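Enquirer: Here is a sequence with its predicted model. Questions after.
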Number of protein chains: 2
Amino acid sequence: MNSSGEYFLKTYLDERKNYINEALEHYLPQADTYPSVLSRAVRYSVFAGGKRLRPILCIAAAEAVGGTKEKVCAVACALEMIHTYSLIHDDLPAMDDDEYRRGILTNHKVFGEGIAILAGDALLTEAFSLMSEFNSKEKESAVLRLGVIHEIAKAAGIYGMVGGQTVDLDSEGREVDFETLQYIHTHKTEAMITASLRAGAITAEGSKLQISEITEYGKKIGLAFQIIDDILDLEGNSKTLGKKTGCDGARKKITYPSHAGLEFSRTKAHELVKSARADLASFDNRADPLRMIASYIVERVS
Amino acid sequence: MNSSGEYFLKTYLDERKNYINEALEHYLPQADTYPSVLSRAVRYSVFAGGKRLRPILCIAAAEAVGGTKEKVCAVACALEMIHTYSLIHDDLPAMDDDEYRRGILTNHKVFGEGIAILAGDALLTEAFSLMSEFNSKEKESAVLRLGVIHEIAKAAGIYGMVGGQTVDLDSEGREVDFETLQYIHTHKTEAMITASLRAGAITAEGSKLQISEITEYGKKIGLAFQIIDDILDLEGNSKTLGKKTGCDGARKKITYPSHAGLEFSRTKAHELVKSARADLASFDNRADPLRMIASYIVERVS
């Protein structure tokens, strides 16, 4: 990306991130809302400084088909709430047992395991509460909204993210084949990234063709995102541990580069992004943010 | 209840329970659905032999306003899935730390804590997936369905069940006042019981007055149900421990009879049920199951 592109993207991401943060502030309970320990636990993880990638993708997809961020705001925030719930539960001692996330203590380290489980449950439930809050008299929109809720639930559940996390958990400390790794990537990360984009495009009433092209784009950047995550993990470990482990150290967590090699993984991620951008060929410049986010995904360093 | 009433109720409950079990069998993944450990964990707890009270209340409310069980089947099953998720998470070591439920090992004792957390997450998510699966072209129904999803999410989340469970967890081993106990009862149990009834009545297109009367009925039987649960717990403990503890033993769990006394609690439960039945005065005999379920709630022994 050239420097004017970089500037445009940074401005776009910052502006959308602020918009999402303000909306989340509005939708989430205040810190003193009873029971305060739950409200504080929920807010602690939601406002721990995420990239807001999923809601931004949702908004960018809506804008690419001619819609507005206001129209998809509730759905976009719900996507971030579902993402945050999954991080809180994934970090638990019975799962990945992580002490830190985004440079601060994980939820259960601050609030205890019981409250962390409940904070995750609360965020997942409130996401559906938010998406189904629908005062509009536009009956057509109600049908679309139900479809969006269904897609997001599918992508988040047994046949999506929870399924992926189950296989990931079940695979720790064991040798697993490439097929299993692909299942984990597709279900744990890509499903919700694709659902975020589709939710935006559907809510903003994109055409069937537009939604289908954005879906293809989503599958590719979703996989690229996960591959880069794995590479960053590996390089992070290399620096910290002073050695190249090829897998996630003590926990023997399966990764893309440990299976396919670092160079192959990098090339694969770049190819996916190039192909994802090509999927948007028929879109006008309102899809520029989607195009640039694709490039950003392989160029990011954290 | 006289013996013909008892026979009618038993037949009604058995028939509806079988109907719900068959529908759940249809909606849930098969035991060998990948990832099989998750499918088995989900099925283990759903088919552990519950009373199916919430889905039966949903169906009975639909029938009371002239609807059919078929119309509310998906919503009724979703309510049971949400109920089961809450039991799996409540039983976890970080929460109530229970080894047995309904006479068999709890989910985490069989599948491990990580899978139990994921099985709960999966059931909660699939409940919303099921409720939002909506092929109908009836746009009016789509608006109603969104409203039902919203009510159920509200009753299950921060402002309902998860809030109640948080305060319950936070109160263990501490002296709490009667107001806190009432908060726990209202939010942890009654909210979902009332939501189950309202979901049935709304989906079956009951009148505003009918829905409002069923709501009043729900609040009362919801509280009565929790009081009787507390009494049964206390009596169970008395038998098992050979002493009357007045609270839930080692965990000092707050209960209604430990606060208000056993006799007062029993009288209160009976009064609530009587009043709940009176709320249905304007309904015809299609509300008989609701009337009898109210009586059953205070007469049950398990």
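Expert: Okay, I see it.

Enquirer: Pass me the low-pLDDT residue ranges in chain A, would you?
Expert: Within chain A, the ranges that satisfy pLDDT under 70 run A:1, A:136-137, A:237-253, A:301-302.

Enquirer: which stretches of it form helices?
Expert: Taking DSSP state H as the test, the helices found in chain A are A:3-27, A:36-46, A:53-64, A:69-91, A:107-111, A:113-132, A:139-156, A:161-171, A:178-185, A:191-203, A:208-241, A:256-260, A:262-278, A:288-299.

Enquirer: Turn those helices into CSV, columns for distance to B:A142.
Expert: (Each C-beta comes from the backbone N, C-alpha and C, glycine too.) What follows is the helices of chain A, written out as CSV (distance: least, Cβ to Cβ, whole Å):
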stretch, distance to B:A142
helix A:3-27, 23
helix A:36-46, 30
helix A:53-64, 21
helix A:69-91, 16
helix A:107-111, 36
helix A:113-132, 11
helix A:139-156, 4
helix A:161-171, 26
helix A:178-185, 34
helix A:191-203, 14
helix A:208-241, 19
helix A:256-260, 41
helix A:262-278, 33
helix A:288-299, 29
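
Enquirer: Using JSON lines, lay out these together with mean neighbour count.
Expert: What follows is the helices of chain A, written out as JSON lines (neighbours: other Cβ atoms under 10 Å in any protein chain shown):
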{"stretch": "helix A:3-27", "mean neighbour count": "15"}
{"stretch": "helix A:36-46", "mean neighbour count": "22"}
{"stretch": "helix A:53-64", "mean neighbour count": "28"}
{"stretch": "helix A:69-91", "mean neighbour count": "24"}
{"stretch": "helix A:107-111", "mean neighbour count": "21"}
{"stretch": "helix A:113-132", "mean neighbour count": "27"}
{"stretch": "helix A:139-156", "mean neighbour count": "22"}
{"stretch": "helix A:161-171", "mean neighbour count": "24"}
{"stretch": "helix A:178-185", "mean neighbour count": "18"}
{"stretch": "helix A:191-203", "mean neighbour count": "27"}
{"stretch": "helix A:208-241", "mean neighbour count": "19"}
{"stretch": "helix A:256-260", "mean neighbour count": "21"}
{"stretch": "helix A:262-278", "mean neighbour count": "17"}
{"stretch": "helix A:288-299", "mean neighbour count": "21"}
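
Enquirer: who's in contact with A:L38?
Expert: Remark: with contacts taken as Cβ atoms under 8 Å, 6 or more residues apart in numbering or on different chains, A:L38 is in contact with A:P29, A:I115, A:L118, A:A119, A:A122, B:I158, B:V162, B:G163, B:T166.

Enquirer: Return the distance of the closest residue to the fourth one other than its chain neighbours relative to B:R52.
Expert: What that stands for is A:A119. The shortest distance from A:A119 to any non-neighbouring residue, by Cβ to Cβ, 6 or more residues apart in numbering or on different chains, is to A:A41 (3.9 Å). Summarising the geometry, the distance separating A:A41 from B:R52, computed by Cβ to Cβ, to the nearest Å, is 32 Å.

Enquirer: and what of A:L13?
Expert: As judged by Cβ to Cβ, A:L13 and B:R52 stand 48 Å apart.

Enquirer: about what we covered before: am I right that the residue nearest to A:A119 is in contact with A:I115?
Expert: Yes - with contacts counted by Cβ atoms under 8 Å, A:A41 reaches A:I115, the gap being 5.0 Å.

Enquirer: shared neighbours of the two, anything?
Expert: Shared contacts of A:A41 and A:I115, defined by Cβ under 8 Å, 6+ apart, are found at A:N107.

Enquirer: Contact partners for the spatially most central residue of chain A?
Expert: Centrality entry for chain A: nearest residue to the mean C-alpha point is A:R54, 4.5 Å, by Cα atoms, centre = their mean. By Cβ under 8 Å, 6+ apart, the contact set of A:R54 is A:A76, A:L79, A:E80, A:H83, A:M192, A:I193, A:S196.

Enquirer: Pop out the phi and psi values for A:G157.
Expert: Dihedral angles phi and psi of A:G157 (degrees, to the nearest 10) take the values phi -100, psi -150.
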